[in-house]
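Trainee: Pasting the sequence and the predicted model now:
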Protein chains: 2
Amino acid sequence: MPTQSEMKAVMQKYLDAFNAEDADAVIALYADNATIEDPVGSPTLQGKEAIGAFYRQVIPMGSKLKLVTPIRGSHSNSAAMAFVVESVMDGNPININVIDVMTFDESGKITSMRAYWGKEDYNIL
Amino acid sequence: MPTQSEMKAVMQKYLDAFNAEDADAVIALYADNATIEDPVGSPTLQGKEAIGAFYRQVIPMGSKLKLVTPIRGSHSNSAAMAFVVESVMDGNPININVIDVMTFDESGKITSMRAYWGKEDYNIL
């Protein structure tokens, strides 16, 4: 099991790579057979190819992820973080309140990501 | 499925009842066969009796839960919230960074609660 610090460091790298619009670096944080469910309640994507396609679509939109409170660990191989997505929709600045929960394998790769946000978590600024 | 607003209202009631040290009101928010895993990685407690015993032990300690960013919904029957537990340990004020993920049944009762916090999420003030 990765340490709490290792999991949190991977989540910070995820935010930094996303914000640098470096899709390759984000995708490299995932294990080969990982899953993502973003938002929770939508179909689960599995494997590097599906995950790669997801981030190569999302990241070029230029949204930025701003951590709003320290990343939380657990007593297992999972951790969670609350952040705000700053983006633009139809020419208007918006933000979306999100909490991501991730699990990790022995080597610290992300094995699952589940993103909690709903239609009511959008704010048009 | 409960609406996003209904789930968020239950989570706000959870915080308010916890902070009012009203264990009965907290326990009443749970479905009969609900589970809690607090922290994630510890044994799961199931059913009203186990959940009741948990809150009747924890709530009289007087800790207060402070929401630090708006509660997040999802596209399913689950929602998540980031908060800080303000407490006292060995006479020293401490806080603990926590994210709770909850699921809900049709009637808006909590069916599961998982609390993400680890030993490194304690801060001695």
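Mentor: It's in.

Trainee: for chain B, what are the nearby residues on chain A?
Mentor: Residues of chain A lying close to chain B (CB under 8 Å from any CB of the partner chain) are A:4-5, A:8, A:39-42, A:68-70, A:72-82, A:84, A:97-99, A:101, A:116-121. Glycine gets a C-beta too; all of them are placed from N, C-alpha and C.

Trainee: Can you flag the buried ones in those?
Mentor: For these, a burial check counting by 16 or more other CB atoms under 10 Å in any protein chain shown picks out A:4, A:8, A:39-41, A:68-70, A:72-82, A:84, A:97-99, A:101, A:116-118, A:121.

Trainee: distance from the centroid: which residue in chain A tops it?
Mentor: A:Gly91 (23.9 Å; CA atoms, centre = their mean).

Trainee: Going by secondary structure, the residue positioned nearest the centre of chain A is in what exactly?
Mentor: Nearest to the geometric centre of chain A sits A:Asp100, at 5.9 Å (CA atoms, centre = their mean). In the assignment (DSSP states H and E), A:Asp100 maps to strand A:92-104.

Trainee: and that strand, what other elements does it pack with?
Mentor: The contact analysis (3 or more CB pairs under 8 Å, 6 or more residues apart in numbering or on different chains; DSSP states H and E) places strand A:92-104 against helix A:4-19, strand A:78-89, strand A:110-116, strand A:122-124, strand B:78-89, strand B:92-104.

Trainee: pretty sure A:Ala65 belongs to a strand, no?
Mentor: You called it Ala, but residue A:65 is Leu. Yes: according to DSSP: H, G, I helix; E, B strand; the rest coil, A:Leu65 belongs to a strand.

Trainee: Could you report the neighbour count for it?
Mentor: 19 (other CB atoms under 10 Å in any protein chain shown).

Trainee: TSV for the helices and strands packed on strand A:92-104, including distance to B:Thr111 and mean pLDDT?
Mentor: Output for these, formatted as TSV (distance: least, CB to CB, whole Å; pLDDT from 0 to 100):
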stretch	distance to B:Thr111	mean pLDDT
helix A:4-19	27	98
strand A:78-89	19	96
strand A:110-116	16	98
strand A:122-124	26	91
strand B:78-89	9	96
strand B:92-104	5	97
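
Trainee: CSV for the ones you listed, including distance to B:Asn19?
Mentor: Shown next, in CSV, are the helices and strands packed on strand A:92-104 (distance: least, CB to CB, whole Å):
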stretch, distance to B:Asn19
helix A:4-19, 27
strand A:78-89, 20
strand A:110-116, 23
strand A:122-124, 26
strand B:78-89, 10
strand B:92-104, 14
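
Trainee: Please name whichever of those is nearest to B:Gly52.
Mentor: Closest approach to B:Gly52 among the helices and strands packed on strand A:92-104 (CB to CB): strand B:92-104, 17.2 Å.
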